[in-house]
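Undergrad: Here you go, sequence then predicted model.
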Amino acid sequence: MLPDNPSIAIIGAGAMGCLFAARLAEQGARVTLVDVDRERLAAIGRDGVTLSDDNGARTLAVGASLAADLQPVDLLVLFTKGVHSAAAIKSVAHLADARPIALTLQNGIGNAELLAATFGGEQVLMGTAHVPADLTGPSSVMTHGFGHLDIGGFTPAAQPFAPSVAALLQSAGFDTHVASDINAAVWEKVAFNAALNASGMICQVPNAGLDNESGRRIAEKVVDETTAVAAAKGITIDRDRIVATVGSALREHAHHKASMLQDREHKRQTEIETINGAIAREGARLGVPTPVCDTLSDLVRIIELASRN
């Protein structure tokens, strides 16, 4: 259980990290953003985080720290890109002796396993965040519309931590649900991200650019492949619900740029290996064909290689 006034460290000061830090700080939580970008940390420490949402714009005071300077906390939230998870966890491994609750709401597959290796599976919560967020400056973030979270224990021993963490996130304005089968929720979110992110990155279009017959056909094929891979793992996910969520994102967040597209625009490495690439690898391991995920993954890799030359 979390104490009444928990100390929170959010690892990763990107759009999601800044959004969650600002919302939690607005409720009086003691929250610190942790990053490797000293300039961004300086801006956050000096100016706070400016949050723009359906309630308007306001600026919240949020702590900022390098990982090495971070003191023990009650709750650690990992919000880096999946490609940086291992390095980020290593940077805060000195906190493990204090046995914090460690939560990942990141995109993709494999992040909870990395947290468990350092903090212990009985301390790890995992989940999904259906929350659109975009950085609009070094210390400013914008979000609009829905914000739904699912969380649950990485192991049965961790499940009792979920209700108190869910209550904290609910108080910060996120519709939060404690899932009895969090693996299904995680795989549904992976299917959603895989359906839109890679295509948006490759075609260099926001969601609106995929809201057509071809874009939806590719998205549905990816959902079908992911559903089949999950089933082979013994995980049942709701194909029709995922397709409906994709449709809602295309309609309600037409101008949102997928994180992979934002990575391409800033010449950063994408999360393809923890999303479409991970689905394809699991499919190959289990004997489930994933031709669309294979192709999308390879196209993203080609683009990434070209951007480095």
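TA: Here it is on my side, so go on. Quick caveat: nothing in here was measured; it's all calculated off a predicted structure.
Undergrad: who touches stretch 297-309?
TA: Residues outside stretch 297-309 that contact it (CB atoms under 8 Å, 6 or more residues apart in numbering): 198, 201-202, 260, 264, 267, 269-270, 272-273, 276-277, 280. Quick note: C-beta positions are derived from backbone N, CA and C, even for glycine.
Undergrad: Equivalent analysis for stretch 152-160, please.
TA: With CB under 8 Å, 6+ apart as the criterion, stretch 152-160 contacts 1, 112, 115-116, 121-127, 161-162, 178-182, 185.
Undergrad: hmm, 10 Å instead?
TA: For stretch 152-160, the external contacting residues (CB atoms under 10 Å, 6 or more residues apart in numbering) are 1, 101-104, 111-113, 115-116, 119-128, 151, 161-162, 166, 177-186.
Undergrad: name the helices or strands packed onto the lowest-mean-pLDDT helix or strand in the chain?
TA: Across the helices and strands of the chain, mean confidence by mean pLDDT, DSSP states H and E is lowest for strand 134-137: a mean of 88. Helices and strands touching strand 134-137, by 3 or more CB pairs under 10 Å, 6 or more residues apart in numbering; DSSP states H and E, are helix 15-26, helix 38-47, strand 49-53, strand 140-142, helix 259-265.
Undergrad: Pop the domain breakdown of this protein in here.
TA: Split into domains by automatic domain parsing, the chain comes to 7-180, 184-308.
Undergrad: Reformat these as JSON lines; add mean neighbour count.
TA: Formatted as JSON lines, the domains of the chain follow (neighbours: other CB atoms under 10 Å):
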{"stretch": "domain 7-180", "mean neighbour count": "20"}
{"stretch": "domain 184-308", "mean neighbour count": "19"}
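Undergrad: ok, back up a step: in a markdown table, list the helices and strands packed on strand 134-137 along with mean pLDDT and distance to Leu60.
TA: Listed next are the helices and strands packed on strand 134-137 as a markdown table, based on pLDDT from 0 to 100; distance: least, CB to CB, whole Å:
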| stretch | mean pLDDT | distance to Leu60 |
| --- | --- | --- |
| helix 15-26 | 96 | 4 |
| helix 38-47 | 94 | 10 |
| strand 49-53 | 96 | 5 |
| strand 140-142 | 95 | 10 |
| helix 259-265 | 92 | 23 |
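Undergrad: For my notes, please list these in a markdown table and give distance to Thr290 for each entry.
TA: Converted to a markdown table, the helices and strands packed on strand 134-137 look like this (distance: least, CB to CB, whole Å):
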| stretch | distance to Thr290 |
| --- | --- |
| helix 15-26 | 27 |
| helix 38-47 | 36 |
| strand 49-53 | 36 |
| strand 140-142 | 34 |
| helix 259-265 | 18 |
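Undergrad: Please give me every residue in contact with Gly82.
TA: By CB under 10 Å, 6+ apart, Gly82 lies in contact with 104, 106-111, 114, 270-275, 278.
Undergrad: ugh, wrong one, Gly14
TA: Per CB under 10 Å, 6+ apart, neighbours of Gly14: 33, 35, 37, 40, 79-81, 84, 133, 135, 141, 259, 262.
Undergrad: State the pLDDT value of Thr270.
TA: The model reports Thr270 with a pLDDT of 95.
Undergrad: quick one: secondary structure of it?
TA: Here Thr270 is recorded as coil under DSSP: H, G, I helix; E, B strand; the rest coil.
Undergrad: and if you look at Ala68?
TA: Of the three states, Ala68 takes helix under three-state DSSP.
Undergrad: Distance check, it against Asp35.
TA: Separation of Ala68 from Asp35 (CB to CB, to the nearest Å) stands at 12 Å.
Undergrad: And Thr270, by the same measure?
TA: Counting by CB to CB, the gap from Thr270 to Asp35 is 19 Å.
Undergrad: Also Val300?
TA: For Val300 relative to Asp35 (CB to CB), the value is 25 Å.
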